[in-house]
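Colleague: Sequence and predicted structure below; questions after.
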Amino acid sequence: HVFHYHVHQWLSDSKDLSSEVFDAQAISPQSHYTIEPLYGLGSLQGSYGDVVIHCHLYPHFAAGMWGMNRIFDTLQDGSQCYPNGVPIQALQPLPDREAPPKPTELHPGFPNFIPGKVGNKAPRPPLGIKGGRNMTELETNAAIDSPRPGAVFTDPCPKGVPVKEFNISVIELPIVYNKQGWHDPKGRIYVLDEDLEDVLSGKKEPEPLVIHASAHTCLQINFTNRLPHILDGDAFQLVTRTYESGFHIHFVKFDVLVCDGANVGWNYDSSVLPGETIRYSYYADVELKAWFFHDTY
């Protein structure tokens, strides 16, 4: 099994500051690890919301091997309920930590500022989707001082750091994997928009997309879903609806409410429908030699 903890990272050996930094760690039967997240809950950026923990072997994830770490931004004293009416249990701040602000009618805290409807899919994040909606009053009260697409309630990027911007699409096309001709007639792959026309026309061979980043770099990703609504079936593939696509990223810092590339708990649904473009904002606090990202749907 591969233990993956969204938003957070940790040292492979908590007693060795020079050891590798992980955010996914394989574990075999009859063995164990002690995970000590760097910077505490919410990591360096202080993100809050529902953080999913799961096995990164996706059949295991889909079979139920997952959980959530819920991080609140206001003090929970037992007086509030979730949007579905279930009481929120009272929580005591740790004795060495300053208590968060108490919830108020205009600033109820997570998840009660999110304009969702119980029984429906979560709403899309404000500002992030091109041509999408602005913030409600409660969202505005909960937001950071200068919200922007992809960084609304937590800003992962310190002021003054360089910004790199990438336009990336996910597309469907036949992919040949080796010289023996193993192939997927309906492969899905990420491409830079600048290469999109050449890849689709066959002028450029499709290849894995790997993005490198220097330490202390803010990254802005404009992600477009160009997949068909339906993945056609064949002898090896069931007909599957693929109307949503997300962009989930490892190692970098981000606002989990709007940039997780998934639909988790009471968070926003930070995926996009076919033809939509969403802006994600990330911060690389360390050098990223190989930047792992994937669809979470």
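Modeller: Cool, got the structure.
Colleague: Would you map the helices across this structure?
Modeller: For the chain, the helices defined by DSSP state H cover 58-62, 137-142, 196-201, 256-259.
Colleague: Quick one: mean pLDDT for the shortest one?
Modeller: Computed over helix 256-259, the mean pLDDT rounds to 96.
Colleague: got it, and the first one?
Modeller: Mean pLDDT, taken over the full extent of helix 58-62, equals 88.
Colleague: what's the spacing between it and its chain's center?
Modeller: 17 Å (Cα atoms, centre = their mean, to the nearest Å).
Colleague: just the third one next, same as before
Modeller: Offset of helix 196-201 from its chain centre (Cα atoms, centre = their mean): 27 Å.
Colleague: Would you indicate which residues of it are buried?
Modeller: Neighbour-count burial for helix 196-201 flags 196, 199-200 (criterion: 16 or more other Cβ atoms under 10 Å). (Each C-beta comes from the backbone N, C-alpha and C, glycine too.)
Colleague: and the residue lying closest to Val239 once chain neighbours are set aside, how many residues sit next to it?
Modeller: Distances taken as Cβ to Cβ, 6 or more residues apart in numbering put Gly233 closest to Val239, at 3.9 Å, once the chain neighbours are dropped. Residues lying near Gly233 (other Cβ atoms under 10 Å) number 11.
Colleague: Per-residue pLDDT of Gly233, please?
Modeller: 83.
Colleague: Could you check how far it is from Arg226?
Modeller: 20 Å (Cβ to Cβ, to the nearest Å).
Colleague: And the pLDDT for the most far-flung residue of the chain relative to its centre?
Modeller: Distance from the C-alpha centroid of the chain peaks at Gln180, with 35.8 Å (Cα atoms, centre = their mean). Gln180 carries a pLDDT value of 94.
Colleague: Could I get the contacting residues of it?
Modeller: Listed by Cβ atoms under 8 Å, 6 or more residues apart in numbering, Gln180 has no contact partners.
Colleague: separation between it and Phe3?
Modeller: When distance is defined by Cβ to Cβ, Gln180 is 34 Å away from Phe3.
Colleague: Please apply the same query to Asn267.
Modeller: Asn267 sits at a distance of 21 Å from Phe3 (criterion: Cβ to Cβ).
Colleague: what about the two, which has more around it?
Modeller: For Asn267 versus Phe3, the count of surrounding residues by other Cβ under 10 Å is larger for Asn267: 25 against 17.
Colleague: Met68 versus the more buried one, what's the distance?
Modeller: For Asn267, the distance to Met68 (Cβ to Cβ) stands at 10 Å.
Colleague: which residues do these two both contact?
Modeller: Residues touching both Asn267 and Met68 by Cβ under 8 Å, 6+ apart: Asp50.
Colleague: Now the buried residues of helix 196-201 in CSV, please, with extra columns for pLDDT and distance to Ser28.
Modeller: As requested, the buried residues of helix 196-201 are exported to CSV (pLDDT from 0 to 100; distance: Cβ to Cβ, whole Å):
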residue, pLDDT, distance to Ser28
Leu196, 96, 42
Val199, 95, 39
Leu200, 94, 43
